[in-house]
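[1] no sequence for this one, just the structure:
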């Protein structure tokens, strides 16, 4: 959702004031229990268009970017998504006097802004001041006090609307780290924590506990908790909340300071047209479906204060453990500085703690590396390198640089390393599929410049289809001049069979294929079993790679690039097995798995929270005439050539990486029409 234009907010404000003046009734308080989280996997109505949203709940479906959603993509084990039967559940009533006593001071002081900040278009002048009043350590609304004794956190939309805040517990958009702020800490704090903040934390805990009792949850389930003061005369326009956190959390509101509930219009419903008014009397504990449309208007003369709380189910923490992304808990120190992007939060004191790049997609070429990279970098925490294929470790390597420090600096220029330093939650990397084959150049350079050890990703593909796609790419006349130059001209006047036979000849000359009979085009199994993994094979493979893998063209090794065991062996010998993730391109198009499954496995490998991939279309795919069409004899000998190599690769990943035999068998069974 984009920002609502000021003129639209003004229009909605006038309409809301009219509803207040007409005494729009509140909907009855009904305790439906907690909002089912499977109702929150998608917005109840992504658009504000009456035709697309104001439908019969029994027949409505949600249309997003032309795709009808009728199931829970995020968790296939959950019930299917359905149009919600209700959006507000009244869970109980609590006495909020103890909270009121803690926050009354300064509640009606106008919000403080920096002198060089622009005034938000939808905030009245009386709700903002540019010169702060005299500092008071007991005024928890004062931004100066929060900066000294709590932690200052930016909430862009709320800040733009002039909403004041007292932050107690907060988390990033993916619920990866839960931060407890000083004003909600009760003990075991470091020496920097003042007595005042400990006292406030103890009082806040005690004051908020009755709300948790009504919700029947533990403190540990709470991922966000804050007090928000809406200025008088301000409308928060119709919207639904966005971000990965929404579908995993229960959103609870509790009115705390509401001088005149009849002057506050809080509405929520599946569509803008069906929003109902919620009773905002102090102490009313209610949960709302924040994937539904909602809007708030303060038509009174004073600030209106709500406690806003988000909590997760206990199973959420178990799920994150299983995804190799356990939730972290951090107590922030008074006055600590944090750095934020829209979807991440990091501690300034941890700036530079994550070395970049975080990952490298090594290859194989024409095995879906571009698609995977484009899918991965849709994650808000995964930043694209300056080039998808940096080649900083092969043909963009700078031999003129003599020191490791200079060579590392040269390579890091491709990864926005300086800009990413304040944000250790973020990752970056590249996809350079020539690296997998060009091991003898790349591995020592990688160890020198990226000694921290990025995670390594290998994609494989049916080697016959990989070779056909490789040939079609480099002989294609489509592409930019730079692409045409990189592909080379060596294969332009040759048939597919000719380039395959040339690669066979090269490997035979280098002593790499003693088991291949050139006349019968068959593998001698006895020689194969004796030769593989021998010192002679190692020497022959290195001889081949050093003499047959140029840096100035892409027209080489159509068969060798599909011999995955040989390509991976030196990599597996050089790095620990936990560094590697091996998958196959065909999984991206399979009904059983698909793009989302592949990306989930990749995020798990990186230790990054999973996300729903917005765009799952194929990338870098091209239509071409199959060079194997009606060439059954050629297909036959290619199958005979690759069969033992595929079997060998399956055994290797079981032995070297600890992959299960079932998973290894799936990886080497590569038969699919996905290009």
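    Arrived safely, thanks for sending. Since the structure is predicted, the reported quantities are computational estimates derived from the model, not experimental observations.

[2] quick one: residue 599 is in a helix?
    Yes. Under DSSP: H, G, I helix; E, B strand; the rest coil, residue 599 sits within a helix.

[3] who are the neighbours in contact with it?
    The neighbours of residue 599, taking C-beta atoms under 8 Å, 6 or more residues apart in numbering as the test, are 372, 375-376, 610-611, 613. From N, CA and C alone the C-beta is placed, and that goes for glycine too.

[4] at 10 Å instead, please
    Counting by C-beta atoms under 10 Å, 6 or more residues apart in numbering, residue 599 touches 372, 375-376, 378-379, 588, 610-613, 616.

[5] Would you mind measuring from it to residue 350?
    The gap separating residue 599 from residue 350 is 26 Å, by C-beta to C-beta, to the nearest Å.

[6] what sits up against the strand or helix carrying residue 538?
    Using DSSP states H and E, residue 538 falls within helix 535-548. Contact partners of helix 535-548, identified using C-beta under 10 Å, 6+ apart, comprise 437-441, 502-503, 506-514, 530-531, 534, 556-557, 560, 563, 566-567, 569-570, 573.

[7] quick one: which of those sit in strands?
    The strands in this structure, assigned by DSSP state E, contain none of those.

[8] Now that we have those, which of them are buried?
    Those of these that meet the buried threshold are 437-439, 441, 502-503, 506-507, 510, 512-513, 531, 556-557, 560, 563, 566-567, 569-570, by 16 or more other C-beta atoms under 10 Å.

[9] Cross these against helices and list the overlap.
    Cross-referencing these against helices under DSSP state H gives 439, 441, 502-503, 506-507, 531, 566-567, 569-570.

[10] Between those, which sits nearest residue 274?
    residue 567 (58.6 Å; C-beta to C-beta).

[11] pLDDT score for the residue nearest to that closest one when sequence neighbours are not counted?
    Of all residues not flanking residue 567 in the chain, residue 436 sits nearest, at 5.0 Å (C-beta to C-beta, 6 or more residues apart in numbering). For residue 436, the model assigns a pLDDT of 97.

[12] and if you look at the one 5 residues further on?
    Note on residue 441: pLDDT of 96.

[13] Please, which helix or strand holds the most centrally placed residue in the chain?
    For the chain, the residue lying nearest the average C-alpha position, counting by C-alpha atoms, centre = their mean, turns out to be residue 379 (3.2 Å). Under DSSP H and E, no helix or strand contains residue 379.

[14] In helices, which of the contacts of residue 599 fall?
    Secondary structure of those is defined by DSSP H; positions in helices are 372, 375-376.

[15] now those as a markdown table including distance to residue 659, neighbour count and pLDDT?
    Listed next are the ones in helices among the contacts of residue 599 as a markdown table, based on distance: C-beta to C-beta, whole Å; neighbours: other C-beta atoms under 10 Å; pLDDT from 0 to 100:
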| residue | distance to residue 659 | neighbour count | pLDDT |
| --- | --- | --- | --- |
| 372 | 18 | 22 | 97 |
| 375 | 22 | 23 | 98 |
| 376 | 21 | 24 | 98 |
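
[16] In terms of distance to residue 626, which of those residues ranks first?
    The closest of these, once distances to residue 626 are taken by C-beta to C-beta, is residue 372, at 23.6 Å.

[17] List the contacts of residue 30.
    Residues in contact with residue 30, defined by C-beta under 10 Å, 6+ apart, are 86, 88-90, 286.

[18] which of these lies closest to residue 324?
    Taking C-beta to C-beta as the measure, residue 324 lies nearest residue 89 of the contacts of residue 30, at 34.2 Å.

[19] Spell out the secondary structure type for the closest one.
    Assigned with three-state DSSP, residue 89 falls in the strand class.

[20] Go ahead and confirm it touches residue 28.
    No. The criterion here is C-beta atoms under 10 Å, and residue 89 misses it with residue 28 at 11.7 Å.

[21] more neighbours, these two?
    Taking neighbours as other C-beta atoms under 10 Å, residue 89 and residue 28 compare with residue 89 leading, 19 against 9.

[22] For that one, give me its contacts.
    29-35, 250, 252, 285-289.

[23] Of those residues, which is the nearest to residue 160?
    For these, the nearest to residue 160 is residue 288 (21.3 Å; C-beta to C-beta).

[24] which residues touch the closest one?
    Listed by C-beta under 10 Å, 6+ apart, the contact partners of residue 288 are 35, 87-89, 241, 250-253, 266, 268, 278, 294.

[25] and with 8 Å instead?
    If a contact means C-beta under 8 Å, 6+ apart, then residue 288 has 35, 87-89, 251-253, 268, 278, 294 as its contacts.

[26] From residue 344, how far out is the residue nearest to the centre of the chain?
    Distance from residue 379 to residue 344, by C-beta to C-beta: 11 Å.

[27] same deal with residue 433?
    Using C-beta to C-beta, residue 433 is found at 29 Å from residue 344.

[28] For these two, indicate the residue with more neighbours.
    Neighbours of residue 433 and residue 344, each counted by other C-beta under 10 Å, are more numerous for residue 433; the result is 23 against 18.

[29] so residue 88 sits right up against residue 279, yeah?
    No. Contact criterion C-beta atoms under 8 Å: residue 88 and residue 279 do not qualify, at 9.3 Å.

[30] Who does residue 347 form a beta bridge with?
    For residue 347, the beta-bridge partners are residue 338 (DSSP bridges).

[31] residues in contact with it?
    For residue 347, the contact set (C-beta under 8 Å, 6+ apart) comprises 330, 332, 336-339.

[32] Dump those residues to CSV, plus distance to residue 105.
    Below are the contacts of residue 347 laid out as CSV (distance: C-beta to C-beta, whole Å):
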residue, distance to residue 105
330, 28
332, 23
336, 24
337, 26
338, 25
339, 30
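
[33] These, buried ones only, as a PyMOL selection?
    Of the contacts of residue 347, the buried ones go into a single PyMOL selection, burial set by 16+ other C-beta under 10 Å:
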select buried, resi 332+336+338+339
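
[34] Out of the contacts of residue 347, which is nearest to residue 459?
    Taking C-beta to C-beta as the measure, residue 459 sits nearest to residue 339 out of the contacts of residue 347, at 33.3 Å.
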